[in-house]
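> next one to model:
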Amino acid sequence: MNKTTNTLIATGVVALLIILCAIAWYKTGNKPQASSGEAVEESVTVAGDEKGPHGGRLYRDGDFSTEVKIFEEGVEPHLRVYGYFKDKPLKPQELTANIFIKRLDAEQNIRFVPESDYLIGNEVIYEPHSFLMMINVEYQGKKHTWQWDTKEGRANIPDASLKSSGLELLTVQPMMFENSLQLKGELKFPDNFESFITPKASGTLVKTYRTIGDKVSQGDLLATVQSQDVIRLNAERTIAQDTLQFTRKKMEQERALWQKRVSPEIDYINAKREFDNAQVRVNELNNMISSYGGSSNGMIEVRAGMSGTVLEILSAIGTNVNPSTPMFKIANTSQLLAVVNIPADQLNVVKASNKVTIKSQTADSEEALGRIKYISDVIDPKTRTAQAFVEIPNQFNWRSGQLISAQIFESQSMKPMVVREDALQTYRDWDVVFLRVGDDFEVRPLELGEKFNGFVEVKSGLKVGQKYAAGNSYLIKAELGKSGASHDH
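From the prediction side, this is the model:
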């Protein structure tokens with residue numbers, strides 16, 4: 001073998017060694033460091049499943065690696081970022097980081113500052129941990145970028161499937177909540193809206209002019225009664241009128257004789273006194289007959305004392321009646337009084353200014369707004385309740401004696417956000433609703449407040465105007481159970 005051949009062989013071996021070294025360098029990801037002032041090339045890697053020393057997700061790019069952890073032990077969830085070079089911890093001051101989080105309905109741009117042996121994020125990473133995370137970490141002038149895409153509590157249900165599933169889409173909105181007492185009671189007519197009509201004098205009922213259900217006005221003629229008392233008064237009035245005429249003539253004669261100085265003045269004075277007494281008696285009898293509603297033939301007119309409806313006729317034609325015998329019952333049915341029983345331990349929260357709604361126990365759709373007129377000062381020793389009297393307009397033709405339910409409102413407050421109660425589900429250890437964005441539903445853990453009339457106050461977890469699932473929302477929870485999505489930190 002000549003010298004030239006040996007030289008070629010040596011050159012080939014060296015070239016092969018160089019190629020093998022290059023392949024090894026490429027596979028291990030060891031790249032030459034840029035010198036000061038040179039442009040740095042960005043490296044992008046997709047996250048794997050490797051865990052770091054602190055239990056977070058570990059991302060590698062050559063000798064440099066980053067651990068990202070959602071820390072929530074005893075504090076609100078926040079991000080911690082650790083740096084390593086050749087698997088040895090770096091000081092947090094040697095790193096800069098920024099993480100951008102894209103959720104279904106929101107975005108977060110997290111910035112970091114050094115703390116202990118890590119960088120800590122400046123925003124809470126609220127549940128659910130379902131997002132696309134872009135991780136940007138810079139070390140020694142070189143930027144490293146990774147992605148973390150995780151889905152939790154999310155189900156895809158196209159609009160076309162909503163109707164068949166029975167799901168309803170509702171909107172988060174404000175609502176007025178009113179704390180109230182639910183009580184029972186009974187209706188009656190106010191005392192001044194109900195009247196029993198009696199004759200002014202005793203007698204025999206001759207005729208009635210109204211029947212049950214008739215509307216009457218105050219002063220309308222209801223019946224006539226023939227009264228022996230009025231007949232006697234008429235006879236006495238006739239005698240009194242005759243006496244009045246006699247005493248008038250006598251007074252005039254005595255006045256003429258006194259003026260002619262034939263008789264003394266005292267005779268004229270006595271005659272005038274007799275005339276005045278007779279006049280008083282006639283006026284008295286006229287007033288008595290008139291007050292009885294009587295006439296010259298002894299008939300009494302029985303008239304309505306108030307406007308309203310004839311509810312009862314209590315006397316029959318031909319029967320004897322007297323001032324203590326009710327003949328008609330009339331009521332003004334346009335107004336009712338609800339008598340509500342309030343437990344003694346609730347009396348301190350009921351005031352005359354409270355709003356009250358009244359419902360019939362047999363017709364829940366009919367509701368009237370009332371006003372508390374009076375709260376009794378007496379507590380029944382047997383029931384331990386006191387009565388409240390609530391005035392209501394009779395807009396539904398309710399009846400006296402009808403049983404009712406009363407809702408007495410203690411206070412009112414506007415709640416900025418409410419959801420319908422049937423939309424609530426449990427997911428993990430949260431109370432949640434399923435938020436609708438596009439074709440996706442996703443859990444939203446809620447902080448809940450007061451309940452009212454089938455709705456629940458939401459203190460945090462949603463925004464006004466967002467859409468959520470109600471009705472058969474449990475179907476979404478069942479769908480998530482099939483997917484088996486995990487809670488990843």
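> please enumerate the strands of the stretch 101-250 of the chain.
107-115, 118-121, 131-139, 142-150, 154-156, 167-171, 173-188, 194-197, 203-208, 215-216, 221-226 (DSSP state E, counting those that start in this stretch).
> need those in TSV with mean neighbour count and mean pLDDT, can you?
Bear in mind the C-beta positions are built from the backbone N, C-alpha and C, glycine included. Listed next are the strands of the stretch 101-250 of the chain as TSV, based on neighbours: other Cβ atoms under 10 Å; pLDDT from 0 to 100:
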stretch	mean neighbour count	mean pLDDT
strand 107-115	14	96
strand 118-121	22	97
strand 131-139	19	96
strand 142-150	17	94
strand 154-156	18	91
strand 167-171	16	94
strand 173-188	16	90
strand 194-197	19	92
strand 203-208	18	95
strand 215-216	16	95
strand 221-226	20	94
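> quickly list the domain ranges of the chain.
43-150, 156-174+415-483 (automatic domain parsing).
> which residues sit in contact with residue 399?
residue 187 (Cβ atoms under 8 Å, 6 or more residues apart in numbering).
> before we move on, what about residue 347?
Neighbouring residues of residue 347 by Cβ under 8 Å, 6+ apart: 375, 386.
> SS state for it?
helix (DSSP: H, G, I helix; E, B strand; the rest coil).
> report the buried residues of stretch 54-61.
By neighbour count with 16 or more other Cβ atoms under 10 Å, stretch 54-61 contains the buried residues 56, 57, 58, 59, 60, 61.
> same check on stretch 463-474?
Under 16+ other Cβ under 10 Å, the buried positions of stretch 463-474 are 466, 468, 469, 470, 471, 473.
> looks to me like the third one is in a strand.
If I follow you right, that is residue 469. Yes - remark: residue 469 belongs to a strand, assigned using three-state DSSP.
> quick one: contacts for residue 177?
Counting by Cβ under 8 Å, 6+ apart, residue 177 has contacts 412, 413, 414, 415, 418, 450, 452, 455, 457.
> scratch that, residue 326
With Cβ under 8 Å, 6+ apart, residue 326 has these contacts: 196, 197, 198, 314, 315.
> list just the nearest of those residues to residue 107.
residue 196 (77.3 Å; Cβ to Cβ).
> isn't that closest one up against residue 329?
Yes - taking contacts as Cβ atoms under 8 Å, residue 196 lies within contact range of residue 329: 5.6 Å.
> find residues that contact each of the two.
residue 314.
> give me the below-cutoff pLDDT ranges for this protein.
1-48, 363-365, 483-489 (pLDDT under 70).
> where do the helices of the stretch 151-300 of the chain begin and end?
All helices of the stretch 151-300 of the chain, identified by DSSP state H, counting those that start in this stretch, fall at 159-165, 228-259, 265-291.
> with residue 402 as the reference, measure out to residue 263.
Note on residue 263: its distance to residue 402, by Cβ to Cβ, to the nearest Å, is 78 Å.
> so where does residue 356 fall, helix or strand?
When elements are assigned from DSSP states H and E, residue 356 belongs to strand 355-360.
> mind listing the strands that strand pairs with, and their directions?
strand 363-375 (antiparallel), strand 403-420 (antiparallel) (DSSP bridges).
> tell me the most buried of those?
Across those, averaging neighbours per residue (mean count of other Cβ atoms under 10 Å) puts strand 403-420 on top, at a mean of 17.
> restricting to C-alpha, output that one in PDB.
Taking C-alpha atoms only, strand 403-420 is exported to PDB below (Å, rounded to 0.1, in the frame of the first residue of the first chain):
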ATOM      1  CA  LEU A 403    -108.700  30.400  52.700                       C
ATOM      2  CA  ILE A 404    -105.600  32.200  51.500                       C
ATOM      3  CA  SER A 405    -101.800  32.100  51.600                       C
ATOM      4  CA  ALA A 406    -100.000  35.300  52.500                       C
ATOM      5  CA  GLN A 407     -96.400  36.300  51.600                       C
ATOM      6  CA  ILE A 408     -95.200  39.100  53.800                       C
ATOM      7  CA  PHE A 409     -91.900  40.500  52.400                       C
ATOM      8  CA  GLU A 410     -89.400  41.600  55.100                       C
ATOM      9  CA  SER A 411     -86.800  43.200  52.800                       C
ATOM     10  CA  GLN A 412     -85.700  43.700  49.200                       C
ATOM     11  CA  SER A 413     -82.300  43.500  47.600                       C
ATOM     12  CA  MET A 414     -81.000  43.600  44.000                       C
ATOM     13  CA  LYS A 415     -78.700  40.700  43.200                       C
ATOM     14  CA  PRO A 416     -76.300  41.500  40.400                       C
ATOM     15  CA  MET A 417     -76.200  37.900  39.200                       C
ATOM     16  CA  VAL A 418     -78.600  35.000  39.500                       C
ATOM     17  CA  VAL A 419     -79.100  31.600  37.900                       C
ATOM     18  CA  ARG A 420     -82.100  29.300  37.900                       C
END
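> what about that strand, distance to the chain center?
3 Å (Cα atoms, centre = their mean, to the nearest Å).
> what's the answer for stretch 306-318, then?
Per Cα atoms, centre = their mean, the centroid offset for stretch 306-318 relative to its chain is 45 Å.
> that one: which residues count as buried?
306, 308, 310, 311, 313, 315.
> please report how far the third one lies from residue 222.
Put plainly, it is residue 310. 8 Å.
> which neighbours do the two share?
210, 216, 328.
> hmm, the first one is touching residue 329, no?
No - at 11.5 Å, residue 210 does not count as touching residue 329 under the criterion of Cβ under 8 Å.
> mutual contacts of the two, please.
With Cβ under 8 Å, 6+ apart, residue 210 and residue 329 have common neighbours residue 310.
> about what we covered before: format the contacts of residue 177 as JSON lines; extra columns: distance to residue 124.
Converted to JSON lines, the contacts of residue 177 look like this (distance: Cβ to Cβ, whole Å):
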{"residue": "412", "distance to residue 124": "33"}
{"residue": "413", "distance to residue 124": "27"}
{"residue": "414", "distance to residue 124": "27"}
{"residue": "415", "distance to residue 124": "24"}
{"residue": "418", "distance to residue 124": "24"}
{"residue": "450", "distance to residue 124": "25"}
{"residue": "452", "distance to residue 124": "29"}
{"residue": "455", "distance to residue 124": "27"}
{"residue": "457", "distance to residue 124": "22"}
